[in-house]
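J.: have a look; sequence and predicted model below, questions after that.
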Amino acid sequence: MSCLFAQPTTASINGFIRDDASGEPISYANVFLSNSSLGAATNSDGYFVISEIPFGFYELNATMIGYAVFKKKVDLSLGESIRLEIRLKEEAIKGTEVLVTAERQKFERSMESSQIALDLREINSAPAFVEPDVFRTLQMLPGVQTTSDFSSALYVRGSTPDQNLIMLDGIAVYNPYHLGGIFSTFNTDAIKEADFHAGGFPARYGGRMGAILNVINREGNTEKIKGSANLSLISSKALIEGPIPKWKGMKGSWMISGRRTYIDKVVDALALPSGSKNSDGSDVPLRFPYYFYDYQIKANLDIDRDHRLTFTRFYGDDVLDFSYEDPSETVRNENVTIQQDSKFGLDWPWGNQTNGLTWRWIVSPKMITKTFLSNSRYRFDFDLFFQNRDLYTYSDSTAINFINFNWNIYDIIKDRTLETEVQYKYSNDHEITGGFQIKKIKFDLGIQYDLETQDTSFTWNHLSLKNNTQEISFFLQDRWEVSE
């Protein structure tokens, strides 16, 4: 009796490609073996795998625009699988002198299969409106339009902005704008890249008619603590990043960035008079009623060579806070003294908050799984109020007449998502991706009036809509390059 066991006849190479200075993964870098037709490109995590390699000696090359070419000789045995950690060093592109003549600077980028990936250098090199903005850069692409110079909303191939799916690190952001749509809510200093699909959406993104945009944050410097700060015409920004100290074989990195407008603080510091007077006769200082701010946090922890945990958080708010108080007036009659006070104001915050936790597991060189848990919240809270008080003072008593009116409009969306994705690279030309998603969304919309006087008070819920929905979806995608 004899038994035949199948023996592997080829080898494989897998690994990560990172920036040598910061340790950031490099997406879409080319990796290939000289004197062969075998190669691959890195994904958004900087991971690549080349399989079905006949045993023997090879020269491995890794290339990316703006980086020096990496070369390494490898000796592969039958059935061997090599994991590499490749570091690319930045290098200026050298060439002969080129004379370019044009009427004006243009930003052009070809779009293949309606998909494009923009890195930070491309976003910052595009003509900017006040400061670099990822939405403004995307508006220069074919098929993307805008209604005016004062709107960053994306109108893609005839669709409306609400038909787009906008994500930050894979988490849906429901209102990704500041200042009424003039700027996007994403701080470009913290962005690693932006993946944009104007059509031909991957199977995992369903239910949208417009476009898909996934903004990916930087992972943080794995080599040293580093920071930066800058000032634009409308906001001040700061970023700090660094490595997580190594402990029991675990390592990682973190990044924190923040941004805030400063016009309101400048106006407060100038202490300009508003023209109104306090009850004591002093000037009421002028206030600028609007500001916005946001911050982004990302942390990665490599538990071992195959397991990674990633935490991401975003918080952004716009605030319009205005109030006006009439100076107190006193009217004296023969039998009574009347003191009148009134106040009018508006408190209007709106913004987004997201949190996400991802577990990535490299099961084998050909298989990667990602389990993703996240929540996203959008809040719109418009609160308008008016207060009036009349104090009557008689010789032997006092009386008060007052009215307090409040008008509140609110809209709250809460999204909780659990998602699992499995990627299996069957061969160098054949990749299968599948998974499922469970999403729970809560909607809370209302209009409420509150009225209070010295005699009575009541609340009227003019509109109150609450709805809970649950979505369960499965997807399967097969990418097969039949020929070159």
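T.: Looks like it came in fine.
J.: which residues touch the closest residue to Asp415 other than its chain neighbours?
T.: Once flanking residues are discounted, Asp415 sits nearest to Ser376: 4.2 Å by Cβ to Cβ, 6 or more residues apart in numbering. All C-beta spots, glycine's among them, are computed from the backbone N, C-alpha and C. Contacts for Ser376 (Cβ atoms under 8 Å, 6 or more residues apart in numbering) come out as 171-174, 352-354, 413-415, 417.
J.: which among those gets closest to Leu138?
T.: Among those, Val173 lies closest to Leu138 (Cβ to Cβ), at 14.7 Å.
J.: now that closest one: how far from Arg479?
T.: Separation of Val173 from Arg479 (Cβ to Cβ, to the nearest Å) stands at 27 Å.
J.: now do Thr312
T.: 26 Å.
J.: so which of these two has more stuff around it?
T.: Thr312 (23 against 13; other Cβ atoms under 10 Å).
J.: circling back to that earlier point, phi first, then psi, for the residue nearest to Asp415.
T.: Backbone torsions for Ser376, taken as degrees, to the nearest 10, come to phi -140, psi 140.
J.: any idea which residue sits dead centre in the protein?
T.: Centroid-nearest residue in the chain: Leu168, 3.4 Å away (criterion: Cα atoms, centre = their mean).
J.: test of understanding: give the bridge partners of that one.
T.: Beta-bridge partners recorded for Leu168 (DSSP bridges): Ile171, Val215.
J.: next one: Ile400
T.: Under the criterion used (DSSP bridges), Ile400 bridges to Leu391.
J.: now do the same contact list for it.
T.: Going by Cβ under 8 Å, 6+ apart, the list of residues near Ile400 reads 389-392, 454.
J.: any weak-confidence spans in the chain?
T.: Scanning the chain for pLDDT under 70 picks out 1-8, 93-113, 274-284, 483-484.
J.: domain ranges for the protein?
T.: 11-88, 115-217, 303-480 (automatic domain parsing).
J.: tell me what the helix or strand encompassing Lys192 is packed against?
T.: Element membership for Lys192, per DSSP states H and E: strand 191-197. Contacts defined by 3 or more Cβ pairs under 8 Å, 6 or more residues apart in numbering; DSSP states H and E place strand 191-197 against strand 115-119, helix 120-125, helix 134-138, strand 212-217.
J.: can you give me the angle that strand makes with strand 212-217?
T.: Using axes from the mean of the first three to the mean of the last three Cα atoms, to 10 degrees, the inter-axis angle of strand 191-197 relative to strand 212-217 is 170 degrees.
J.: list the strands paired with strand 191-197, with their directions.
T.: strand 115-119 (antiparallel), strand 212-217 (antiparallel).
J.: with neighbour count added, can I get the contacts of Ser376 in JSON lines?
T.: Shown next, in JSON lines, are the contacts of Ser376 (neighbours: other Cβ atoms under 10 Å):
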{"residue": "Ile171", "neighbour count": "22"}
{"residue": "Ala172", "neighbour count": "19"}
{"residue": "Val173", "neighbour count": "24"}
{"residue": "Tyr174", "neighbour count": "17"}
{"residue": "Asn352", "neighbour count": "25"}
{"residue": "Gln353", "neighbour count": "16"}
{"residue": "Thr354", "neighbour count": "24"}
{"residue": "Ile413", "neighbour count": "18"}
{"residue": "Lys414", "neighbour count": "16"}
{"residue": "Asp415", "neighbour count": "21"}
{"residue": "Thr417", "neighbour count": "19"}
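J.: among those, which are located in strands?
T.: The strands, defined by DSSP state E, take in 171-172, 352-354, 413-415, 417 from those.
J.: closest one to Leu154 out of these, please.
T.: Nearest to Leu154 among those is Ala172, at 15.1 Å by Cβ to Cβ.
J.: contacting residues for the closest one?
T.: Contacts of Ala172 (Cβ under 8 Å, 6+ apart): 165-166, 376, 415, 417.
J.: just Ala203 next, same as before
T.: With Cβ under 8 Å, 6+ apart, Ala203 has these contacts: 433, 475-477.
J.: can you pick the most crowded of the residues you listed?
T.: Thr433 (18 neighbours).
J.: can you point out the buried residues in the helix or strand hosting that residue?
T.: In this assignment (DSSP H and E), Thr433 forms part of strand 430-453. By 16 or more other Cβ atoms under 10 Å, the buried positions in strand 430-453 come out as 431, 433-435, 437, 439, 441, 447-448.
J.: tell me which strands it pairs with, and in which orientation.
T.: So strand 430-453, judged by DSSP bridges, has these partners: strand 398-427 (antiparallel), strand 457-480 (antiparallel).
J.: pick the most deeply packed of those.
T.: Using mean count of other Cβ atoms under 10 Å, the stretch among the strands paired with strand 430-453 with the greatest mean number of neighbours is strand 398-427 (a mean of 16).
J.: mind giving me the PyMOL select for the contacts of Ile400, buried ones only?
T.: Entered in PyMOL, the line below selects the buried ones among these, by 16+ other Cβ under 10 Å:
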select buried, resi 389+390+391
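J.: now do the buried residues in the longest helix anywhere in the chain.
T.: What stands out as the longest helix in the chain, according to DSSP state H, is helix 263-270. Of all the residues in helix 263-270, those buried under the rule 16+ other Cβ under 10 Å are Asp264.
J.: how about the strands paired with strand 191-197, which one is nearest Ser148?
T.: Minimum separation from Ser148 across the strands paired with strand 191-197 (Cβ to Cβ) falls at strand 212-217, 20.1 Å.
J.: what separates the helix or strand just after that closest one from the chain centre, distance-wise?
T.: As assigned by DSSP H and E, the chain's next helix or strand after strand 212-217 is strand 226-231. In terms of Cα atoms, centre = their mean, to the nearest Å, the centre of strand 226-231 is set 19 Å apart from its chain centre.
J.: strand 226-231 - contacts with which helices or strands?
T.: Contacts defined by 3+ Cβ pairs under 8 Å, 6+ apart place strand 226-231 against strand 235-247.
J.: now do the strand it packs on and strand 226-231, the angle between them.
T.: Using the same axes, to 10 degrees: strand 235-247 against strand 226-231 is 170 degrees.
J.: tell me what strand 235-247 is packed against?
T.: Against strand 235-247 (3+ Cβ pairs under 8 Å, 6+ apart) you get strand 226-231, strand 250-261, strand 290-302.
J.: of those, which approaches Trp359 most closely?
T.: Short answer: strand 290-302, nearest of the helices and strands packed on strand 235-247 by Cβ to Cβ, at 10.3 Å.
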